[in-house]
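Engineer: Got a predicted structure plus its sequence, pasted below:
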Amino acid sequence: THFGYKSVARDEKQGLVADVFHSVAAKYDVMNDLMSFGVHRLWKRHTIACSGARQGQTILDLAGGTGDLTSRFSDIVGPEGQVILGDINDSMLKVGREKLRNLGKVGNIEYVQMNAEALPFPDNTFDLITIAFGLRNVTDKSKALASMQRVLKPGGRLLVLEFSKPIYEPLNKAYDFYSFNLLPGMGQLVANDAESYRYLAESIRMHPDQETLKSMMEEVGFEMTSYENLTGGIVALHKGFKF
Ligand code: SAM
């Protein structure tokens, strides 16, 4: 089933991640709404509000999947601008392209298969890069962040929207229970796929916390880095600039 991206170098984790997203692609949007009780829409809306995106800009929505952010950016940049939806997984890209075309979003969007660790663009290409719920899945996160830094224009901005560490211990406990005990069951019921949602919970627990991710961004050259906790730190929005 892994047709179409033989040219993309893969390791074991990438193979696993590929299986997960091939298997969830068709049900991805429904599951997102269910699992987050619709709150992912608010997290994404907030990301757009913090993006500084403007008409005419060139934007990369990395690990863009089914294109929620791309859809909004397409409206903002207008016909003079361009949005690239980049994803490693052709099943996700296909579902995204279908969805956005049906919404009438055409003309300024390109769909490109790519690995975040080795972005296929010249230096200084983008005004803005977003990666929403994607960095967690990347094997070498520092390599990916360095690649993003390279292709950003000077003055450009990176936004990383990702699951993070809840800041209150009771919330942390409840969230762990939800992730490991309820989520796989929901995945089984709705998508007939408990395993992918078990992977999801694991990958969230393994992901670097707020301060660690901020330091990783600084190590590859991002400046004026900051983050904001959303929903008690279940999710965090990290921001950094290239100068
Ligand atoms: N950004 C979308 C959203 O917020 O709804 C999709 C997020 S989805 C949870 C994660 C996406 O990351 C999947 O579409 C997956 O194929 C993609 N992905 C995983 N590893 C990647 C990599 N190394 N490079 C690019 N995309 C990757």
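Structural biologist: That came through, no problem.
Engineer: what about the closest residue to Met114 other than its chain neighbours, which helix or strand?
Structural biologist: Nearest residue to Met114, sequence neighbours excluded (CB to CB, 6 or more residues apart in numbering): Gly86, at 4.5 Å. The way it works is simple: take the backbone N, C-alpha and C, and place the C-beta from them, glycine included. Taking DSSP states H and E as the definition, Gly86 sits inside strand 82-87.
Engineer: Do that strand and the ligand come into contact?
Structural biologist: Yes. Counting by CB under 6 Å from any ligand atom, contacts between strand 82-87 and the ligand involve Asp87.
Engineer: Check Asp193 and give its pLDDT.
Structural biologist: Asp193 is assigned a pLDDT of 86 by the prediction.
Engineer: hang on, isn't it packed against Gly187?
Structural biologist: Yes. With contact defined as CB atoms under 8 Å, Asp193 counts as touching Gly187 (5.3 Å).
Engineer: the more surrounded of these two?
Structural biologist: Using other CB atoms under 10 Å as the criterion, Asp193 and Gly187 rank with Gly187 on top: 25 against 18.
Engineer: Quick check: buried residues in whatever helix or strand that one lives in?
Structural biologist: Per DSSP H and E: Gly187 is located in helix 183-191. Of the residues in helix 183-191, 183-184, 187, 191 count as buried by neighbour count, 16 or more other CB atoms under 10 Å.
Engineer: of all these, which comes closest to Ile76?
Structural biologist: Ile76 lies nearest to Ala191 out of these, by CB to CB, at 31.7 Å.
Engineer: Can you get me a residue count around the closest residue to that closest one other than its chain neighbours?
Structural biologist: Distances taken as CB to CB, 6+ apart put Lys27 closest to Ala191, at 4.3 Å, once the chain neighbours are dropped. The tally of other residues near Lys27 (other CB under 10 Å) stands at 17.
Engineer: ditto for the one 5 residues further on
Structural biologist: The number of residues packed near Asn32 is 19, by other CB under 10 Å.
Engineer: Pretty sure it sits against Trp43.
Structural biologist: No. The pair Asn32 and Trp43 fails to qualify as a contact (CB under 8 Å) at a distance of 10.4 Å.
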